[in-house]
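Asker: I'll drop the sequence and a predicted model, then ask my questions.
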Amino acid sequence: MKPLSALIPMVSSPLARGRDANEAVAPAPLTPFDVRTYHEALAARGLARQGPGPRVYGHTGLVDRLPPPGTPGPELRECLRRSQEALLAELARAMGPFPDGGEVLDVGSVLGGSALYWAQEHRARVTALLAVPSHLEQVRRFAHEAGLGAHVQARLCTGEPPRPRECYDAVIAVENTCALPRAEWLRGVHARLKPGGVLAVADCFWVRANAMHPSEDAWSRHLGSVNAFLADAHEAGLELEAHDDVSARAVGFWTLSSELRVHEHLARAPEDARGLRAALNAVRAESRREHLWLQQGLLDGGLEYALLVLRREG
């Protein structure tokens, strides 16, 4: 999962603080350096698993059926990629009639995988908003390789206000609202949408604040609640049209990712028995630290993976 930081200060008011009685004290927003470093790591892992492109993803997927134990690494990587495209397809379904051929702003898709998806599958003209300067050229190259150079434009996220003639049929943010000062960002989204345009969000939110990961992991400290997000959206002039809880289908993605990490660790491990044991212990510890808390939260209702569609009224 991946955040995208808006380069504007966090706004806090008594109304915002009191809106949701369960809302935890908001942590300071991530710095541009934090976000850039995180996106660079996501891109490196995405390329290692799905390279050389052109559609490379760095977000959660939806899994309805896990592959059997012992599935080889290449097949697991393909299952992971299909699950991520299943998430995009489900988000498009939740949006209803997608604006085929319309103008789309894709917020923070790391190496432009989702931007290429909207362009290829829905004939959209997509502006991919990126966090890492060096990714601009990579996304342009991937778009050229896919024959979509005229349909995908890569642009660096600078946190600047909307441009005077910037007007989109849809703004799509897949796992890129976590670290944002959301009230400000949602007002910016409203300004960028055409009347009748939609904001489509796929992200993880907490339902119970104590379901958040106890570590200092930057992403988990910025999840926030669905209720607070929707309240901020309403104040920004965006009305909810669809709210789908796909938590149960997201759990399997982390199982796939854990299995794939076993293959990745073993591929780098020495062939002796001690080296193999050390590799397995390392991947188990990594899974406990990064995956199991998330799976448990999604299963017991402490966390929710939600698809949200909100519309700017005409």
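Answerer: Structure received. All values derive from a computational prediction rather than experimental measurement. Numbering: from 1, shown residues only.
Asker: okay, stretch 198-205 in CSV with CA atoms only?
Answerer: Listed next in CSV are the C-alpha coordinates belonging to stretch 198-205 (Å, rounded to 0.1, in the frame of the first residue of the first chain):
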residue,chain,number,x,y,z
VAL,A,198,-16.4,11.3,-9.8
LEU,A,199,-13.7,10.6,-7.3
ALA,A,200,-12.9,6.9,-7.0
VAL,A,201,-10.9,5.7,-4.0
ALA,A,202,-9.5,2.2,-3.1
ASP,A,203,-7.9,2.3,0.3
CYS,A,204,-7.6,0.7,3.8
PHE,A,205,-9.2,2.5,6.8
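Asker: Start the count at 25 instead of 1 going forward.
Answerer: From this message on, residue numbering opens at 25, which makes the last subject stretch 222-229.
Asker: for the longest strand anywhere in the chain, packing partners?
Answerer: Longest strand in the chain, counting residues (DSSP state E): strand 217-230. Strand 217-230 sits against helix 97-119, strand 192-198, helix 250-259, helix 317-324, strand 327-336, with contacts defined as 3 or more CB pairs under 8 Å, 6 or more residues apart in numbering; DSSP states H and E. Just so you know, the C-beta spots here come from the backbone N, C-alpha and C atoms, and that holds for glycine as well.
Asker: Using neighbour counts, pick out the buried residues of that strand.
Answerer: 217, 221-230 (16 or more other CB atoms under 10 Å).
Asker: Can I get the residues you listed in TSV including distance to His315 and pLDDT?
Answerer: Below are the buried residues of strand 217-230 laid out as TSV (distance: CB to CB, whole Å; pLDDT from 0 to 100):
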residue	distance to His315	pLDDT
Leu217	35	95
Gly221	36	94
Val222	32	96
Leu223	29	97
Ala224	26	97
Val225	23	97
Ala226	18	96
Asp227	17	94
Cys228	13	92
Phe229	18	92
Trp230	17	88
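Asker: Could I get the residues you listed in a markdown table, plus columns for distance to Phe166?
Answerer: Shown next, in a markdown table, are those (distance: CB to CB, whole Å):
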| residue | distance to Phe166 |
| --- | --- |
| Leu217 | 26 |
| Gly221 | 26 |
| Val222 | 26 |
| Leu223 | 25 |
| Ala224 | 22 |
| Val225 | 24 |
| Ala226 | 21 |
| Asp227 | 24 |
| Cys228 | 26 |
| Phe229 | 30 |
| Trp230 | 34 |
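Asker: Closest one to Leu112 out of those residues, please.
Answerer: Ala226 (8.1 Å; CB to CB).
Asker: List the contacts of the closest one.
Answerer: 83-84, 111, 115, 197-199, 329-332 (CB atoms under 8 Å, 6 or more residues apart in numbering).
Asker: Looking at those residues, state which has the most neighbours.
Answerer: Val198 (28 neighbours; other CB atoms under 10 Å).
Asker: dump the residue contacts of that residue.
Answerer: So Val198 contacts 83, 111-112, 115, 131, 133, 138, 225-227 (CB under 8 Å, 6+ apart).
Asker: Tell me which stretches of the stretch 125-274 of the chain form helices.
Answerer: For the stretch 125-274 of the chain, the helices defined by DSSP state H, counting those that start in this stretch occupy 137-146, 159-169, 206-216, 250-259, 271-292.
Asker: Arrange the ones you listed in TSV, one row each, with mean neighbour count and distance to Pro93 as further columns.
Answerer: Conversion of these to TSV gives the following (neighbours: other CB atoms under 10 Å; distance: least, CB to CB, whole Å):
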stretch	mean neighbour count	distance to Pro93
helix 137-146	24	28
helix 159-169	18	34
helix 206-216	21	41
helix 250-259	19	35
helix 271-292	18	8
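Asker: Farthest pair within the buried residues of strand 217-230?
Answerer: Greatest spacing in the buried residues of strand 217-230, by CB to CB: Gly221 and Trp230 (28.2 Å).
Asker: Can you classify Thr84 as helix, strand or coil?
Answerer: Of the three states, Thr84 takes coil according to DSSP: H, G, I helix; E, B strand; the rest coil.
Asker: Let me see the confidence value for Pro93.
Answerer: At Pro93, the pLDDT value in this model is 85.
Asker: Over to Val156?
Answerer: 90.
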